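> 3D model of this:
(2 chains)
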Amino acid sequence: GAVVSQHPSRVICKSGTSVKIECRSLDFQATTMFWYRQFPKQSLMLMATSNEGSKATYEQGVEKDKFLINHASLTLSTLTVTSAHPEDSSFYICSAGGQNNQPQHFGDGTRLSIL
Amino acid sequence: AQSVSQHNHHVILSEAASLELGCNYSYGGTVNLFWYVQYPGQHLQLLLKYFSGDPLVKGIKGFEAEFIKSKFSFNLRKPSVQWSDTAEYFCAVRGSFKTIFGAGTRLFVKA
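Next up is the predicted model:
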């Protein structure tokens, strides 16, 4: 069964609203989680590394104020797309695990559509 | 910095043909290597992974990959492809905690 749960699976909202996506590790503690986005017919691009209890580490070119990440507990990381616009429409995927030769688990993804 | 390069963006094969997809990476330290597959309309699935030991790794569905450290390569192979192997294949490299994905190779197998 799934070990990483992502919610919601799909969001459609108006331009200018903020959208929060949750990523939960179901049966293990994750001090680190990762957020990716995937545009249609393209690869996964790492956006940021979410660190429990501290600030996230963002990849070059990713706006920190646009994509707010909070990792308040060992099983939950959230990504908030603030003031979303149509160009933010994408498929967002989180992952957890992967340290100490453990497998990395991916969530099912969230398809975000901004009208 | 880590980087991953997949040489072929699109590959078209007939059923029963052999497959080899290239993957090269750049990273100065120890890496973990992965191949993922994404079938049309579905999410990523792990095909195989290399952490250490035997550089020839066998995965699911008859796929295998060979880690050649001197060439910084981790090519994916399958001796005889099937129509159901039509999908997009991503090579991924993990070093220093984060995983970076290649651009992907779109494979189409003709029946």
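
> starting at the chain centroid, how far to the helix or strand of chain A with the lowest mean pLDDT?
Lowest by mean pLDDT, DSSP states H and E among the helices and strands of chain A is strand A:104-106, with a mean of 83. Computed by CA atoms, centre = their mean, to the nearest Å, the separation of strand A:104-106 from the middle of its chain amounts to 12 Å.

> give me the element the residue nearest the centre of chain B is part of.
Of all residues in chain B, the one closest to the mean position by CA atoms, centre = their mean is residue B:35, 3.7 Å from it. Here residue B:35 is covered by strand B:32-38, with elements defined by DSSP states H and E.

> and the helix or strand that that strand is followed by, does that touch chain A?
On the C-terminal side of strand B:32-38, the nearest following helix or strand under DSSP H and E is strand B:44-50. Yes. Between strand B:44-50 and chain A, judged by CB under 8 Å from any CB of the partner chain, the touching residues are B:44, B:46, B:49. To be clear about C-beta, it is placed using only N, CA and C from the backbone, and glycine gets the same treatment.

> CA atoms of strand B:44-50 as PDB?
Listed next in PDB are the C-alpha coordinates belonging to strand B:44-50 (Å, rounded to 0.1, in the frame of the first residue of the first chain):
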ATOM      1  CA  LEU B  44       6.100   7.000 -11.500                       C
ATOM      2  CA  GLN B  45       7.100   3.400 -10.700                       C
ATOM      3  CA  LEU B  46      10.500   2.200  -9.700                       C
ATOM      4  CA  LEU B  47      12.000  -0.200 -12.200                       C
ATOM      5  CA  LEU B  48      15.300  -0.800 -10.400                       C
ATOM      6  CA  LYS B  49      17.900   0.800  -8.300                       C
ATOM      7  CA  TYR B  50      21.600   0.600  -7.500                       C
END
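
> other SSEs contacting it?
Other elements packing on strand B:44-50 under the criterion 3 or more CB pairs under 8 Å, 6 or more residues apart in numbering or on different chains; DSSP states H and E are strand B:32-38, strand B:56-58, strand B:64-68, strand B:73-78.

> who does it pair up with?
Using DSSP bridges, the strands paired with strand B:44-50 in its sheet are strand B:32-38 (antiparallel).
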